[in-house]
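J.: model this:
(4 chains)
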Protein chains: 4
Amino acid sequence: MHKGRLEAFSDGVFAIIITIMVLEIKTPHGTSISDLKPVLPVLLSYLLSFVYVGIYWNNHHHMLYTTKKVNGSVLWANLHLLFWLSLIPFVTAWMDENHFASAPVALYGFVLFMNAMAWLILQKRLICVEGNTSLLALAIGKSVKEKISPILYFIGIAVAFFNPWISILLYIVVALIWLIPDLRIEHSLNKDSQQAN
Amino acid sequence: MHKGRLEAFSDGVFAIIITIMVLEIKTPHGTSISDLKPVLPVLLSYLLSFVYVGIYWNNHHHMLYTTKKVNGSVLWANLHLLFWLSLIPFVTAWMDENHFASAPVALYGFVLFMNAMAWLILQKRLICVEGNTSLLALAIGKSVKEKISPILYFIGIAVAFFNPWISILLYIVVALIWLIPDLRIEHSLNKDSQQAN
Amino acid sequence: MHKGRLEAFSDGVFAIIITIMVLEIKTPHGTSISDLKPVLPVLLSYLLSFVYVGIYWNNHHHMLYTTKKVNGSVLWANLHLLFWLSLIPFVTAWMDENHFASAPVALYGFVLFMNAMAWLILQKRLICVEGNTSLLALAIGKSVKEKISPILYFIGIAVAFFNPWISILLYIVVALIWLIPDLRIEHSLNKDSQQAN
Amino acid sequence: MHKGRLEAFSDGVFAIIITIMVLEIKTPHGTSISDLKPVLPVLLSYLLSFVYVGIYWNNHHHMLYTTKKVNGSVLWANLHLLFWLSLIPFVTAWMDENHFASAPVALYGFVLFMNAMAWLILQKRLICVEGNTSLLALAIGKSVKEKISPILYFIGIAVAFFNPWISILLYIVVALIWLIPDLRIEHSLNKDSQQAN
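T.: From the prediction side, this is the model:
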């Protein structure tokens, strides 16, 4: 089965999620620059969620680039990932409106955690279709990032009930770890094209 | 006529419908985990609608994959299906806000029923264009699911006025029946490619 | 210049406009079927706007199908059309909320009129790029529909201040005239492919 | 790496941003034509933002058309641009609601300024990937528009605190400068194809 429509549909959902969050940002009531101050944390949490969705889109791009075959189970694993991604605007809004209170920050971490799980499931489904000797399977290999992230999210969720700002810091750290595009895949692609030559 | 833009436009509408529903989920007023309790049924009904739209997208993907030709009547049959799909966020919201009262649950079933009808019309239009001996016509063959679903919706609508939860259960049952991607089409595709070899 | 991205971007805007209008439909407050009664006119005006956007998408599909070349002026003529299309949800909402009062119905007609003008401009730009002997120029030929529609809109706008329902009727008539996909283009395409054989 | 998905995703975000702003336009309360008067400035600022997003889409189209290779840094430079573009609906709404007060008009200019910066970064990243002798690098050459725009935005921001209407005028002037599609690229493309012949 062709992967084109899977990519097109996913791109649509990614695009909507990433821009829908702006709708959450309520315009300040006053008209002076200082009236923007309460909007600032909202903007920063929007930025964090924007970067997270961006990371997922970026890696989704990389991962499917190496993929050739797609089947029904991949379609559903992908929809499962999109489901958890689509909850990011909701938890971002709850976190904003309550000035980074404990429970909202913990829930934000939980949704990030579920996204990470959904990502791993999609990866497994793709390797299952492509085979263990495929480019994707080799590229992933020893996935350190995928193993560290859930642990950091988990700590973030627990710590949120003591100091939510440490949780936010942990979420930012995970984002920074991922911000570097999936160099492993790019690396193995380069090696592959060199061998071809 | 080329089917590419039909797919692209449909993917866009599918993507918007599936993510627009998150906008309906209002953030809870409190900041504790227990404040999430009233959001839970909303989330579950969102999940049900998400799965339904996902099923339609999945099968839309399968059905158009086997299609080569598209004409004006197919474009309108497709728009007709998208119209009924676009009403799903509206009925989901009405159902949520009234805690699964009889009328909203019945209307939800009615919209699902109309979607099923619109799906059958689109299928018929496609077979009409492709011909009775086409891959699609053969793959559909004896469509048990397509015949059972409207009946179950119909029962769900009627039962909603006595016990809406039984209706919800019926809608979930139909979703589960469909969740398994259209194996018939995949099966006949495999047979086709084997014969080609 | 390639027309692919013009189509993709337009499909995105069409998809958003057609589904955004559902967001305008406010869920009724009560929980009985009779509470849906005030929603009915809203639904019907949504249906009318849905059909109009559908017609434009359909004909956009047909028109660009016959096009090969695209330049900067076409991109802007297309954006101009999308601008007027994007105002349809706004005027639909104003018409709904005021139970089809004179001014909103007249404004609805005005936006439809401007859409028709924007359509003609886009058509002219495309023929200008493609040349007078192109398939598109021949297919359009003696465009009766394009000439009747603005006149009917014009009458609709004027009549709205006496009886808005006659205006609505006129808008429905124009929609019905267009609902039949652009048979002229399909016809000339068929003739073209027969000559090729 | 293939540029197809970068374009598809960007088109989605562009389409959403350009149509989301209509949602900001609140329908007037009265039902007479004169009730539209307060909506008029809102419509005009929507038109300005629409034209700006249209310009960016148009030039994005032109710029990526000449591009062949794409890498991780380009993906992020593109996301960075989309981030600032996605803030346009927010600042447009704030400006509208406060009848073009000083601070909102200055912030609008600031977001336009950041968009211009993000555009330059994306351009640099692309030339870096494509090489200094690429079509894109030659086409950009002596970029007068890119250098004048930030200066005009800067003046606009400063002037907003004295007379916001002069700022708006400056923003309109920049829009008009850009409205003419990137003729430099089209020109060098033509020369290129003539040399090829």
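J.: Tell me which residues of the helix or strand A:Leu152 falls within come out buried.
T.: Here A:Leu152, judged by DSSP states H and E, is contained in helix A:144-159. For helix A:144-159, the buried set under the neighbour-count rule, 16 or more other CB atoms under 10 Å in any protein chain shown, comprises A:Ser149, A:Pro150, A:Leu152, A:Tyr153, A:Gly156, A:Ile157, A:Val159. In this view, the C-beta of every residue, glycine as well, is placed from N, C-alpha and C.
J.: Apart from its neighbours in sequence, what residue is nearest the residue nearest the centre of chain A?
T.: Closest to where the C-alpha atoms of chain A average out (CA atoms, centre = their mean) is A:Tyr56, at 3.8 Å. Leaving aside its sequence neighbours, A:Tyr56 sits nearest to A:Leu85 (CB to CB, 6 or more residues apart in numbering or on different chains; 6.2 Å).
J.: Repeat that for A:Ile20.
T.: That would be A:Pro89: by CB to CB, 6+ apart, it lies 5.2 Å from A:Ile20.
J.: Let me know the helix or strand that the one you found is in.
T.: According to DSSP H and E, A:Pro89 maps onto helix A:88-97.
J.: In that helix, which residues are buried?
T.: Those would be A:Ile88, A:Pro89, A:Phe90, A:Val91, A:Thr92, A:Ala93, A:Trp94, A:Met95, A:Asp96, A:Glu97, for helix A:88-97 by 16+ other CB under 10 Å.
J.: who in chain A is up against chain B?
T.: Proximity of chain A to chain B (CB under 8 Å from any CB of the partner chain) is limited to residues A:1-2, A:5-6, A:8-9, A:12-13, A:15-17, A:20, A:23, A:71-73, A:75-76, A:79, A:82-83, A:86-87, A:89-90, A:93-94, A:97-98, A:101-104, A:106-107.
J.: tell me the strands in chain A, going along the chain?
T.: Per DSSP state E, chain A carries no strands over any range.
J.: can you pull out the helices in it?
T.: A:4-24, A:39-65, A:72-86, A:88-97, A:102-130, A:135-140, A:144-159, A:164-179, A:183-196 (DSSP state H).
J.: Going by mean pLDDT, which of those comes out lowest?
T.: Ranked by mean pLDDT, those end with helix A:183-196 at the bottom, a mean of 57.
J.: Touching, the residue nearest to A:Tyr56 and A:Ile16? I think so.
T.: No. At 10.1 Å, A:Leu85 and A:Ile16 do not qualify as touching, with contact defined as CB atoms under 8 Å.
J.: circling back to that earlier point, among the residues of chain A next to chain B, which ones are buried?
T.: Those of these that meet the buried threshold are A:1, A:5-6, A:8-9, A:12-13, A:15-17, A:20, A:23, A:72-73, A:75-76, A:79, A:82-83, A:86-87, A:89-90, A:93-94, A:97-98, A:101-104, A:106-107, by 16+ other CB under 10 Å.
J.: ok so, going back, how close does the residue nearest to the centre of chain A sit to A:Leu170?
T.: Remark: distance between A:Tyr56 and A:Leu170 (CB to CB, to the nearest Å) = 18 Å.
J.: residues contacting A:Leu47?
T.: Contacts for A:Leu47 (CB atoms under 8 Å, 6 or more residues apart in numbering or on different chains) come out as D:Phe83.
J.: Same check on A:Leu81?
T.: A:Tyr56, A:Asn115, A:Ala118, A:Trp119, A:Ile121, A:Leu122.
J.: go again using 7 Å as the cut-off
T.: Applying CB atoms under 7 Å, 6 or more residues apart in numbering or on different chains, we find A:Leu81 in contact with A:Asn115, A:Ala118, A:Trp119, A:Leu122.
J.: And for the closest residue to A:Ile16 other than its chain neighbours, the neighbour number?
T.: Nearest non-adjacent residue to A:Ile16, counting by CB to CB, 6+ apart: B:Thr19, 4.4 Å away. By the criterion of other CB atoms under 10 Å in any protein chain shown, B:Thr19 has 24 neighbours.
J.: Surely B:Thr19 is in contact with A:Val13?
T.: Yes. Using CB atoms under 7 Å, B:Thr19 is in contact with A:Val13, at 5.7 Å.
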